[in-house]
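A.B. asks: Predicted model and sequence below, questions to follow.
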Amino acid sequence: MNDRNLVKGLFLIAISLAFGLPALRYPTGDFARAGPGLFPLLVSSLLFLLGLTMVVRSFFIERVPLTFSVKNIALILVSLCGFALISKYVNMIAGIVFLVFCSSLASTSYSAVRNLKVAAFLIAVAFAFQKLLALQLPLY
Amino acid sequence: MEILHNLAFGFEHALTLQNLMYCAIGCVVGTLVGLLPGLGPLSTISLLLPLTYSIPTGGALIMLAGIYYGAQYGDSVSAITMKIPHASSIVACIDGYQMTLNGRTGLALFSAGVSSFIGGTVAIVVLSTLAPLLGELAFLFGPADYCAFMLFGFLCVSFVTTGGHMLNGLAMALIGVLLGTIGTDVNSGAQRFTFDQPFLADGVGLISVALGCFGIAEIVKNLDNRSQFTPFSGKIHLLPTWAEFKRIIPSALRGSTVGSLLGLLPGGGPTLAQFGAYALEKRFSKHREEIGKGAIEGVAGQAAADEAAARTSFIPLMSIGIPENAVMALMLAAFIVKGIQPGPNMIGQHPDLFWGLVASMWIGNCFLLILNVPMVRYLLSVFKIPYAALFPSILFFCCIGTFSVNNNLDDIYITAVFGLLGYIFLRLDLEPAPLILGFILGPMLEENFRRALLLSRGNFATFVSRPISATLVALMAAFVIWQIVAYVRQTRVSVAA
């Protein structure tokens, strides 16, 4: 399974099915009076064909190993969602501190002092946005 | 004469204190953000797009355009000094970085700056002559023609951005179109792919898609690579000798011409233009044997083409209403947010916006020249910021950008989802630029597709019976057949080997 071309084809097929199968449930109409389901169905069928071509082709060409490191993407996603959660239920200043400290775990070097500086800078920027651009940031 | 009159009218609008300020802010911010590693024009624009929502229409468009060509330029500065290749300035890395290695950074930056200025100026002349003419032509376009034009654009963009692996690009464009169908269907009012979630009724936010695929995925990619850039610390001696200066001009003029033309084509734009101009210099320059080893011509030609194409690529957007590449698709979104439908009617209905924008591009040109030639050494100090401090800040700006669209913190989750998707695309070697184009054009494509078939009572012959769409369909067919042949041949070769 560790073949980028094969996974790519399967991934495209999965997306085409994710859109194509629900589209079957919408009225398709005919070409003269297209219903809401017709266009997504056409496009996802095309995508399905493309995915299928790639799957078939992947058996004939050289394998390219797929590299996927879970750690960095997971850390970044956690810091984003954490930022949104904390900003909503506590306030955005706490959210910024969390975002900076959590995301910088993904970096090669970790320094609490630098994180504090970055967080302080971003809080200042957030205040500037709130006052100058009139963004409704829930800062405190 | 009419052009001069129109341009004078445009300058009247662009030279107000407010608009001058927006233009300057756009250029400075665009250049600075464009300089940063991992942020090309696409991510810069999607990051800063929400901030223009609260600005008056004319100013917002002027500022966004400034951000775009500023980012384009900033990108080439980081390519010349540190060989940080973004997709949009790969060519600048070749001779530009070679000149840095030879200790002639200043000369390279000077050549790039002056040539960009020349390129921008030529492009504005082209823009102000061609856009109104093309606008007249666009009145002949029916729904079938628009449809064919958009599909042709998908093919071209897929081909250009993926470097020949057109199927990958095409698949991404289709995914974009599918994502664009999420939400309420305008014709029937049916809810599609919303899973009964009210927040999906208006569709997925463009900013979430763009920031996820370009901003967040790009950050994670840089983190995975763990590449460290050494900041540029060499001396910069800017002023060239007269002999060197004389070498810049002809290349810049050649580059401007090629760039203006290639900027017009569907799928065209700065990247294509740079390659075109570079190839031209290699063939026709007086010093062609030096190209590749750090020749002035190698920098000047591509820089002129780059800036020229960045401006002429506005022509299809503003006269026909169809963006030709992903950056212009984002611009289209910005126009629509401001309640303006770009297209043949725009020049007539909003002459102040159109000519003001054109004039502001020349003013932006002057700002860039000042910013990038005498002040470039100060700009380069942004590289002293370590990436470990930079990326949490970029993440924060992604969050603020997403939030400010609807003042809704929950939108950040959607951005995070697209960040994950973007990262998967990246690992699967799927280029996200066609996805954005497909996402923005998708609803227009569906609308025109349905309208064309409604008018022809379901008869597909309508796509080949009208001269404009028939030509485009023929071109597409030729293109697709050529690609299939190449694809099968490639597969065979690798099977044999």
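C.D. replies: That came in fine, so what should we check first?

A.B. asks: Can you tell me the closest non-neighbouring residue to the spatially most distant residue from the centre of chain A?
C.D. replies: Relative to the average C-alpha location in chain A, and by Cα atoms, centre = their mean, no residue lies farther out than residue A:32, which sits at 37.0 Å. With sequence-adjacent residues excluded and distances taken as Cβ to Cβ, 6 or more residues apart in numbering or on different chains, residue A:32 is closest to residue B:458, at 3.3 Å. Bear in mind the C-beta positions are built from the backbone N, C-alpha and C, glycine included.

A.B. asks: Check residue B:262 too.
C.D. replies: For residue B:262, the nearest residue in space outside its immediate sequence neighbours is residue B:273; the separation is 4.2 Å by Cβ to Cβ, 6+ apart.

A.B. asks: For residue B:291, grab phi and psi.
C.D. replies: Backbone geometry at residue B:291, expressed as degrees, to the nearest 10, gives phi -70, psi 130.

A.B. asks: one step back: what's the spacing between the residue nearest to residue A:32 and residue B:409?
C.D. replies: Taking Cβ to Cβ, to the nearest Å as the measure, residue B:458 falls 46 Å from residue B:409.

A.B. asks: quick one: which of those two has more around it?
C.D. replies: Just comparing residue B:458 and residue B:409: by other Cβ atoms under 10 Å in any protein chain shown the higher neighbour count belongs to residue B:409, 21 against 14.

A.B. asks: Check for me that the more buried one belongs to a helix.
C.D. replies: No - counting by DSSP: H, G, I helix; E, B strand; the rest coil, one finds residue B:409 to be coil, located in no helix.

A.B. asks: So it versus residue A:137, what's the distance?
C.D. replies: Counting by Cβ to Cβ - residue B:409 and residue A:137 are separated by 10 Å.

A.B. asks: from memory the residue nearest to residue B:262 sits against residue B:306, does it?
C.D. replies: Yes - the pair residue B:273 and residue B:306 qualifies as a contact (Cβ atoms under 8 Å) at a distance of 6.2 Å.

A.B. asks: Determine if any part of the helix or strand containing residue B:44 is in contact with chain A.
C.D. replies: Secondary structure here is read from DSSP states H and E; on that basis residue B:44 sits in helix B:41-48. No - against chain A, helix B:41-48 shows no contacts by Cβ under 8 Å from any Cβ of the partner chain, the least distance being 11.6 Å.

A.B. asks: Who are the contact partners of the residue farthest from the centre of chain A?
C.D. replies: Under the criterion of Cβ atoms under 8 Å, 6 or more residues apart in numbering or on different chains, the contact partners of residue A:32 comprise B:453, B:454, B:457, B:458.

A.B. asks: And these, which is the shakiest by pLDDT?
C.D. replies: Checked by pLDDT, those have residue B:458 as the lowest-scoring entry (81).

A.B. asks: Quick check: phi and psi on the closest residue to chain A within the stretch 351-497 of chain B?
C.D. replies: Distance from chain A to each residue of the stretch 351-497 of chain B (Cβ to the nearest Cβ) is smallest for residue B:458, at 3.3 Å. According to degrees, to the nearest 10, the main-chain angles of residue B:458 amount to phi 80, psi 10.

A.B. asks: isn't it right up against residue A:38?
C.D. replies: No - with the criterion set as Cβ under 8 Å, residue B:458 and residue A:38 do not qualify as a contacting pair; they are 10.8 Å apart.

A.B. asks: okay, and the common contacts of the two?
C.D. replies: residue A:31.

A.B. asks: which residues of the chain score low on pLDDT?
C.D. replies: All of this is about chain A. Residues of chain A that meet the criterion pLDDT under 70 lie in A:1.

A.B. asks: My question was about chain B, not that one.
C.D. replies: Chain B contains residues with pLDDT under 70 at B:1, B:37-38, B:84-89, B:163-164, B:226-235, B:495-497.

A.B. asks: for it, what spans make up the strands?
C.D. replies: Using DSSP state E, the strands found in chain B span residues B:183-184, B:191-192.

A.B. asks: for those, which one ends up most surrounded?
C.D. replies: Mean neighbour counts were compared across these using mean count of other Cβ atoms under 10 Å in any protein chain shown; the top stretch is strand B:191-192, at a mean of 20.

A.B. asks: and that strand, anywhere near chain A?
C.D. replies: Yes - Strand B:191-192 comes into contact with chain A when judged by Cβ under 8 Å from any Cβ, the residues involved being residue B:192.

A.B. asks: any idea how far the most centrally placed residue in chain A lies from chain B?
C.D. replies: The structure's chain A has its C-alpha centroid closest to residue A:77; by Cα atoms, centre = their mean the separation is 8.4 Å. For residue A:77, the distance to chain B equals 5 Å [Cβ to the nearest Cβ, to the nearest Å].

A.B. asks: roughly how far apart are that residue and residue A:118?
C.D. replies: Counting by Cβ to Cβ, the gap from residue A:77 to residue A:118 is 19 Å.

A.B. asks: count of neighbours near the residue nearest to residue B:262?
C.D. replies: Counted with other Cβ under 10 Å, residue B:273 comes out at 34.

A.B. asks: Please apply the same query to residue B:83.
C.D. replies: Neighbourhood size, residue B:83 [other Cβ under 10 Å]: 17.

A.B. asks: And the closest residue to it other than its chain neighbours, how far from residue B:108?
C.D. replies: Excluding its sequence neighbours, the residue lying closest to residue B:83 (Cβ to Cβ, 6+ apart) is residue B:97, at 4.1 Å. Counting by Cβ to Cβ, the gap between residue B:97 and residue B:108 amounts to 8 Å.

A.B. asks: Please apply the same query to residue B:285.
C.D. replies: Here the criterion is Cβ to Cβ. By it, residue B:285 lies 16 Å from residue B:108.

A.B. asks: Alongside chain A, which residues does the stretch 1-150 of chain B contribute?
C.D. replies: For the stretch 1-150 of chain B, the residues in contact with chain A (Cβ under 8 Å from any Cβ) are B:51, B:54.

A.B. asks: how close does whatever residue of the stretch 1-150 of chain B ends up closest to chain A sit to residue B:489?
C.D. replies: With Cβ to the nearest Cβ as the measure, the residue in the stretch 1-150 of chain B that lies nearest chain A is residue B:54; the distance is 6.1 Å. Between residue B:54 and residue B:489 the distance, using Cβ to Cβ, works out to 54 Å.

A.B. asks: before we move on, what about residue B:371?
C.D. replies: Distance of residue B:371 to residue B:489, given as Cβ to Cβ: 48 Å.

A.B. asks: now do residue B:411
C.D. replies: Here the distance between residue B:411 and residue B:489 works out to 46 Å (Cβ to Cβ).

A.B. asks: Who has more neighbours out of the two?
C.D. replies: For the pair residue B:411 and residue B:489, the greater number of neighbours falls to residue B:411 (22 against 10), based on other Cβ under 10 Å.

A.B. asks: OK, contacts around the closest residue to that one other than its chain neighbours?
C.D. replies: Taking Cβ to Cβ, 6+ apart, and ignoring the residues beside it in sequence, residue B:411 has residue B:402 as its nearest neighbour in space, at 4.9 Å. For residue B:402, the set of contacting residues under the criterion of Cβ under 8 Å, 6+ apart consists of B:50, B:205, B:207, B:208, B:211, B:411, B:412, B:414, B:415.

A.B. asks: Give me the domain ranges for chain A.
C.D. replies: Residue ranges for the structural domains of chain A, counted by automatic domain parsing, are given in the record as A:4-58, A:70-132.

A.B. asks: and the last one, how far apart are its ends?
C.D. replies: Taking Cα to Cα, to the nearest Å, domain A:70-132 runs 39 Å from one end to the other.

A.B. asks: Run the chain-centre distance for it.
C.D. replies: The chain centre lies 18 Å from the centre of domain A:70-132; the measure is Cα atoms, centre = their mean, to the nearest Å.
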